[in-house]
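> 3D, please:
(one chain, ligands or ions: 2)
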Amino acid sequence: LWIVDKGVDSRESYQQVERASLWIRQGEVVAFPTETVYGLGGDAFSSQAIEKIFAAKGRPSDNPLIVHIADEHQLTSLTNEVNDTARALIKAFWPGPLTLVLPNCGNVSPAVTAGLSTVAVRMPDHPVARAFLRACQTPVAAPSANRSGRPSPTTAQHVLDDLDGRIAGVVDGGPTGVGLESTVVDCSGAIPMILRPGGITAEAIRDVVGDVTFDPALSESSERPRSPGVKYTHYAPNARFVLVDGSPSFLQSYVNEARDEGLKVGVMTTEGNADQFDSDVVLTAGNRSDLQTVAREIYNTLRMFDEYEVDVIYGEVFAEQEIGQAVMNRLLKAAGGQKVIEPTE
Ligand code: TXA
Ligand code: MG
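Numbering: from 1, shown residues only. Ligands and ions are numbered 1, 2, ... in the order given. Presented below is the predicted three-dimensional model:
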């Protein structure tokens, strides 16, 4: 474990970033901080390194990885077609939490793209990530540094909790800022399409490019509660997780019912609301008046419920606007689509 949270300027942290980048050049896998979540990096051109990433995470091999770059020059080794839309988005949002899906020119290991004709690229906006990527001197493929299916890591400790002993090391840059993954935008067509909502909002993208569409698969999971058993879990805590769209007393009624059944019950709420609930464990994730704070704390809060070993968690919902769209996307996945709505009279 290498501590560099003193900032990239100290001599010690500089040496640690150098050491981590040396591991990358030798084909090892190293976790590093970004402004969104911690990533598990490997040389994008080395199939051996990419195999190690998939093995460490237990990730299905048909799920492609994002390639991280330090500067725009590195784009030319990944794609030979950056259209006007992509250019405008790069100019507006890089470095930052925006991933672009571009035509793949075929240089990266086929395992990175799961054999697709496109490649996903992003330039992170985090001083440690940037120093690390520069030192690697190669594009770095990196999924979130969690075991597959678990909440994404927002601290170096989360990475160790999931991957200690399975990776060469982790560069500790302190807690991440955005707290949710980057927005993934497919730029290979005429109109850009959001494949995953994230740190850059749809509203901000629309301001730059005028028009943006959404992958239809995004709304499918939020339409109505999924049939039991058809669970799409991702970012998930160990306990059953149910979202509750309604008043605090409506949520409390579910808590009471579950406690009557002898279950240990958690409530995921927000600052200022916590005293409205009576349950075994009540945890807050941010403040509803500033959804950025909710985004930043969600994954850590979901992981804390695991430590309390609750059986079921009831959680509040948020308006699907601005960053709230990404927040709800992750919460619905963590809940496997389970949401109850308070009936209106
Ligand atoms: O913020 C982030 O994006 C973090 C940090 C580490 O950069 N990374 C991250 O990686 O979230 P991961 O592997 O957890 O998610 C990558 C997402 C997946 O949903 C994957 O399917 C999609 O990007 N993706 C990657 N390559 C793609 C491609 N060529 N076409 C479509 N989707 C792609
Ligand atoms: Mg992930």
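
> which stretches of this protein form helices?
11-25, 47-57, 84-93, 110-113, 127-136, 156-163, 202-209, 216-223, 248-260, 291-308, 324-334 (DSSP state H).

> any chance of CSV for these, columns mean pLDDT?
Formatted as CSV, those follow (pLDDT from 0 to 100):
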stretch, mean pLDDT
helix 11-25, 86
helix 47-57, 98
helix 84-93, 97
helix 110-113, 97
helix 127-136, 95
helix 156-163, 95
helix 202-209, 97
helix 216-223, 68
helix 248-260, 98
helix 291-308, 97
helix 324-334, 96
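
> N146: which of those helices is closest?
For N146, the closest of the helices of the chain is helix 156-163, at 5.0 Å, according to C-beta to C-beta. Yep, even glycine has a C-beta here, placed from its N, CA and C like the rest.

> next, the angle helix 291-308 makes with the closest one.
Helix 156-163 and helix 291-308 are oriented at 50 degrees to each other (axes from the mean of the first three to the mean of the last three C-alpha atoms, to 10 degrees).

> for helix 156-163, packing partners?
Contacts defined by 3 or more C-beta pairs under 8 Å, 6 or more residues apart in numbering; DSSP states H and E place helix 156-163 against strand 30-32, strand 169-172, helix 291-308.

> using the record's domain definitions, break this structure down for me.
According to automatic domain parsing, the chain comprises the domains 2-214, 221-341.

> okay, those domains, which one's buried deepest?
domain 2-214 (a mean of 20; mean count of other C-beta atoms under 10 Å).

> that older thread, closest one to M193 among the helices of the chain?
M193 lies closest to helix 216-223 among the helices of the chain, at 9.5 Å (C-beta to C-beta).

> can I get the helices and strands packed on helix 156-163 in CSV with distance to ligand 1?
Listed next are those as CSV, based on distance: least, C-beta to the nearest ligand atom, whole Å:
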stretch, distance to ligand 1
strand 30-32, 8
strand 169-172, 12
helix 291-308, 11
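
> quick one: pLDDT of the residue positioned nearest the centre of the chain?
Ranked by distance to the mean C-alpha position of the chain (C-alpha atoms, centre = their mean), the top residue is E181 at 3.0 Å. You'll see E181 listed with a pLDDT of 97.

> swap in V230?
Among the per-residue scores, V230 holds a pLDDT of 38.

> who in the protein is up against ligand 1?
Applying C-beta under 6 Å from any ligand atom, we find that the chain lies next to ligand 1 at 34, 36-37, 39, 63-66, 97, 99, 101, 113, 116, 118-120, 122, 142-144, 181-182, 184, 195-196.

> can you tell me which of those are in strands?
Per DSSP state E, strands hold the following members of the residues of the chain next to ligand 1: G39, I66, T99, V101, T118, V119, A120, R122, V184, L195, R196.

> ok, the fourth one to D186 distance?
Read that as V101. As judged by C-beta to C-beta, to the nearest Å, V101 and D186 stand 4 Å apart.

> and if you look at the second one?
The gap separating I66 from D186 is 13 Å, by C-beta to C-beta.

> with the fifth one instead?
Separation of T118 from D186 (C-beta to C-beta) stands at 7 Å.

> can you check which residues contact both of those two?
Residues touching both T118 and D186 (C-beta atoms under 8 Å, 6 or more residues apart in numbering) are V101.

> quick one: V185 and V101 touch, right?
Yes: here V185 reaches V101: they are 6.7 Å apart, a contact under C-beta atoms under 8 Å.

> between these two, what contacts are shared?
Joint contacts of V185 and V101 (C-beta under 8 Å, 6+ apart) are L195.

> residues contacting the closest residue to P95 other than its chain neighbours?
Here the nearest residue to P95 in space, its sequence neighbours aside, is D125; by C-beta to C-beta, 6 or more residues apart in numbering that works out to 3.8 Å. Neighbouring residues of D125 by C-beta under 8 Å, 6+ apart: E35, W94, P95, G96, P97.

> export these to CSV and tack on pLDDT?
Shown next, in CSV, are the contacts of D125 (pLDDT from 0 to 100):
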residue, pLDDT
E35, 98
W94, 98
P95, 98
G96, 98
P97, 98
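
> so which of the residues you listed is the closest to ligand 1?
Distance to ligand 1 across the contacts of D125 (C-beta to the nearest ligand atom) is lowest for P97, with 5.8 Å.

> how far away is that closest one from H126?
Distance of P97 to H126, computed by C-beta to C-beta: 10 Å.
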